[in-house]
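Asker: mind folding the following:
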Amino acid sequence: MKKLSLILCSGLLAIGCFSCDKSANKETATAGSSTSAAGEKKTVYVNTDSLLANYQFYKDAQKEFENKGYRLQVDLGQRERGLQSELQAIQQRAQTMTQADLQAADMMLKKKGSELQQYSQQKQAALAEEQGKKMQELYANIREYIKKHNAENKFEFVLGYTLSGGGILFADDSADRTKEIVEGLNKEYAEKKGPEKK
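Answerer: This is a model prediction of the structure:
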């Protein structure tokens, strides 16, 4: 679903700034500088657009929810057509029905229509809740991987950067860690996914 893409992208921007291990080499860092005294970058960024486009977990989640959304639309369409068929059948018999029968049929159709609307709302709410949980899992995966990755690199901040806006107006390519983060995330995801399929 297109909604998932927008929700996840905006959510990644919301968590775009990951605070990491500030204690390492804190004494050698120059105030206001993105490099330490040894010349090591202390602030890097991840292009969130590129991360989403290349992270297999996200692509699988997007496909999963597109399929679930499609199946829900098919289900709701079939139920709606069934209700329409019942209405047409009653309209065809209306000339031969008594007033009491017509009122009973009308009440029955209204009840079924209300039940269908309630069913639709429940199913869409359940799908939205499932998407929300998947989004939280996505964030957790990214945060946990960056936290582990940062144990070796000791970056002070890993910022989220997007071409479509956000708080970062410019980012030097030399501070871009998107490729290595995406590769690491995909490797971890493939390892987790492998045993599940067996």
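Asker: by mean pLDDT, point me to the weakest helix or strand of the chain.
Answerer: Least confident helix or strand of the chain, by mean pLDDT, DSSP states H and E, is strand 17-19 with a mean of 37.
Asker: right, and L163 touches S50 too?
Answerer: No - using CB atoms under 8 Å, L163 is not in contact with S50, being 9.1 Å away. C-beta coordinates here come from the backbone N, C-alpha and C atoms, glycine included.
Asker: these two: who's more crowded?
Answerer: Neighbours per residue, other CB atoms under 10 Å: of L163 and S50, the larger number sits with S50, 17 against 10.
Asker: contact partners for that one?
Answerer: By CB atoms under 8 Å, 6 or more residues apart in numbering, the contact list for S50 reads 178, 182.
Asker: same question, A105
Answerer: 90, 97.
Asker: next helix or strand past the host helix or strand of it?
Answerer: A105 is part of helix 99-153 when elements are defined by DSSP states H and E. Next helix or strand after helix 99-153 toward the C-terminus (DSSP H and E): strand 157-161.
Asker: so what secondary structure elements neighbour that next one?
Answerer: Secondary-structure packing of strand 157-161 (3 or more CB pairs under 8 Å, 6 or more residues apart in numbering; DSSP states H and E): strand 17-19, strand 43-47.
Asker: partners of it, with directions?
Answerer: Partners of strand 157-161 in the sheet, by DSSP bridges, are strand 17-19 (antiparallel), strand 43-47 (parallel).
Asker: mind listing what's buried in the last one?
Answerer: Along strand 43-47, the positions that meet the burial threshold by neighbour count (16 or more other CB atoms under 10 Å) are 43-47.
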